[in-house]
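J.: Structure for the following, please:
(one chain, ligands or ions: 2)
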Amino acid sequence: MDVRLTRSNLSGTVRAPPSKSYTHRALLAAGYSDGATVESPLVSADTRATARAVTAFGGSVDPREGGESTSDDSSDLPDADALVVDGFDGRPDVPNDVLDCANSGTTTRLVTATAALADGGTVLTGDASLRSRPQGPLLDALDELGVRAESTRGNGQAPLVVFGPLSGGAVALPGDVSSQYVTALLMAGAVTDDGIEVSLTTELKSAPYVDITLELLEAFGITAEPVGSETAAGAEGFVVPGGQTYAPPDGRYEVPGDFSSISYLVAGGAVAADPDGSVRIEGAQPSAQGDAAIVEIATRMGASIDWDREAGVITVERSSLSGIEIDVGDTPDLLPTIATLGAIADGDTRITNCEHVRYKETDRVSAMAEELETLGAETTEEPDVLTIHGSESELRGATVDGRADHRIVMSLAVAALVAEGTTTIRGREHVDVSFPGFFETMASLGAAVER
Ligand SMILES: O=C(O)C1=C[C@@H](OP(=O)(O)O)[C@@H](O)[C@H](O)C1
Ligand SMILES: C=C(OP(=O)(O)O)C(=O)O
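T.: Numbers count the residues shown, from 1 in each chain. Ligands and ions are numbered 1, 2, ... in the order given. Reported below is the predicted structural model:
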């Protein structure tokens, strides 16, 4: 489905959606427990995939108010203020059917390690994008831990087949493909007999996502630690002792707002806030999310931003932006947003350390280079660097392809706010992966959105 956007000014107050990363982890951690309530969850296509997996392993996920969900596989889990999870208490059943992880890399990686705990076989698959993403290092790690874990096509990609049970042990793993492998092993390792010790054979990319995991594990009463560093960045590895029990205080866990989603609202305000107004974003409490760096990045580019951390409110005014150099090793999901800001800024924006951003729903480095060029920007792509040559020349509306990738669609929508004329973006429905109300939120701020 297409969406058409015309140059617009934004103003008003919106609320950030809940964090996808925390919701995945909270649903699975509640699954590993004997039951917990996840407050303010993100209910989206990706988190539904994790809810389905929890159900397939013998748990259940239901909205608090409405009682029962309408099916037993969580595919149609409705939006809810809270999700009540009945857990499988550290002992997952062997699923009755293939697990459909849809478009969600997080679900696939985290749940592959859960499947390794079951005493039998699990098959995991997903959509075409998911089936092109790398799973090899996690399969190798599980193999090293004595679990049969294979790609059916022998290419390190889903469909995957995993035969548990896993009892734990020590394993070496590269950190430069996906941090989600570490998260998967830490979450499952806590309920193994022997615990898991992961040593990294390369530097860890996307390290703040492992800090999110450590923060959430602590909130569920689980001990797990980086080795050789206080935080995941710079760690030589990670240790999680076995035999632990997931149990959050009072049986509940509250999900914070999502800074990757907030990045589109911040960028929208910085480039298109009404000259007499501002964009105000609620639900922006500090947490372990590396993507909170969008506030500092946009500020360095010249945006006028105030972040009241205690109130969790960000206020952005329109400003002239200038290109800068930004390392996205820790913040891969910000690349599309920064690329759009770079196309509107004056001068070059160099986005470095971005090779791992090619392993997402699509190769986001190429996708943003090509789609921004269609809108009139000039870009230079290297394996590990994307440079956007911003200039005084304006972006022009055109038809662009969202590449069936939620972040590409939302970043192009921000560019469309300032492009001359009308921009048509293909695949608007993909925002359901992480920010289901994205276009409604933009329209409520005054964006001219036509569907
Ligand atoms: O663990 C997570 O919640 C995520 C980790 C990151 O992936 P990688 O670790 O594969 O870079 C990020 O890109 C993804 O959107 C969410
Ligand atoms: C890459 C992403 O998620 P996942 O790895 O879970 O598919 C994302 O949300 O940008």
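J.: From ligand 1, how far out is residue 105?
T.: To ligand 1, residue 105 is 6 Å away according to C-beta to the nearest ligand atom, to the nearest Å. Using the backbone N, CA and C atoms, a C-beta is placed for each residue, glycine as well.
J.: right, and that residue touches residue 133 too?
T.: Yes - between residue 105 and residue 133 there is a contact under C-beta atoms under 8 Å: 5.6 Å.
J.: can you list residues touching both of these two?
T.: Residues touching both residue 105 and residue 133 by C-beta atoms under 8 Å, 6 or more residues apart in numbering: residue 360.
J.: Most proximal residue of the stretch 201-350 of the chain with respect to ligand 2?
T.: Closest to ligand 2 within the stretch 201-350 of the chain is residue 333: 4.5 Å, counting by C-beta to the nearest ligand atom.
J.: Give me the spatial nearest neighbour of the residue in the chain sticking out farthest from the centre, chain neighbours excluded.
T.: Taking C-alpha atoms, centre = their mean, the residue of the chain most remote from its mean C-alpha position is residue 276, at 33.5 Å. Counting by C-beta to C-beta, 6 or more residues apart in numbering, the nearest residue to residue 276 once its immediate chain neighbours are dropped is residue 11, at 7.7 Å.
J.: That neighbour touches residue 274, doesn't it?
T.: Yes - between residue 11 and residue 274 there is a contact at 4.1 Å, judged by C-beta under 8 Å.
J.: and for the two, which residues touch both?
T.: residue 446.
J.: I'd like to know how many residues surround the residue in the chain positioned nearest to ligand 2.
T.: Residue nearest to ligand 2 within the chain (C-beta to the nearest ligand atom): residue 105, separated by 2.7 Å. Residue 105 has 21 neighbouring residues, counting by other C-beta atoms under 10 Å.
J.: ditto for residue 420
T.: With other C-beta under 10 Å as criterion, residue 420 counts 14.
J.: you'd agree it is up against residue 394?
T.: Yes - with contacts counted by C-beta under 8 Å, residue 420 reaches residue 394, the gap being 5.3 Å.
J.: Contact residues of the chain facing ligand 1?
T.: Neighbours of ligand 1 within the chain, by C-beta under 6 Å from any ligand atom: 21, 106, 178, 179, 180, 183, 205, 206, 209, 332, 333, 356.
J.: which non-adjacent residue is nearest residue 405?
T.: Nearest to residue 405 is residue 361, by C-beta to C-beta, 6+ apart, at 4.1 Å.
J.: Residue ranges in this structure under the pLDDT threshold?
T.: 66-73, 392-393 (pLDDT under 70).
J.: Just the C-alpha atoms of stretch 103-123, please, in PDB.
T.: C-alpha atoms of stretch 103-123 as PDB (Å, rounded to 0.1, in the frame of the first residue of the first chain):
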ATOM      1  CA  ASN A 103       9.800 -10.100  10.100                       C
ATOM      2  CA  SER A 104      11.400 -10.100  13.500                       C
ATOM      3  CA  GLY A 105      15.100 -10.700  13.900                       C
ATOM      4  CA  THR A 106      14.900 -10.200  17.700                       C
ATOM      5  CA  THR A 107      12.200 -12.900  18.000                       C
ATOM      6  CA  THR A 108      14.200 -15.300  15.800                       C
ATOM      7  CA  ARG A 109      17.500 -15.000  17.700                       C
ATOM      8  CA  LEU A 110      16.000 -14.900  21.300                       C
ATOM      9  CA  VAL A 111      13.600 -17.700  20.600                       C
ATOM     10  CA  THR A 112      16.200 -20.000  18.900                       C
ATOM     11  CA  ALA A 113      18.000 -20.100  22.300                       C
ATOM     12  CA  THR A 114      14.700 -20.800  24.100                       C
ATOM     13  CA  ALA A 115      14.000 -23.600  21.600                       C
ATOM     14  CA  ALA A 116      17.400 -25.100  22.600                       C
ATOM     15  CA  LEU A 117      16.100 -25.600  26.100                       C
ATOM     16  CA  ALA A 118      13.200 -27.800  25.000                       C
ATOM     17  CA  ASP A 119      13.600 -31.600  25.000                       C
ATOM     18  CA  GLY A 120      12.900 -32.100  21.300                       C
ATOM     19  CA  GLY A 121      12.900 -30.200  18.000                       C
ATOM     20  CA  THR A 122      11.700 -26.700  17.000                       C
ATOM     21  CA  VAL A 123      11.500 -25.300  13.500                       C
END
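J.: No more questions from me, cheers.
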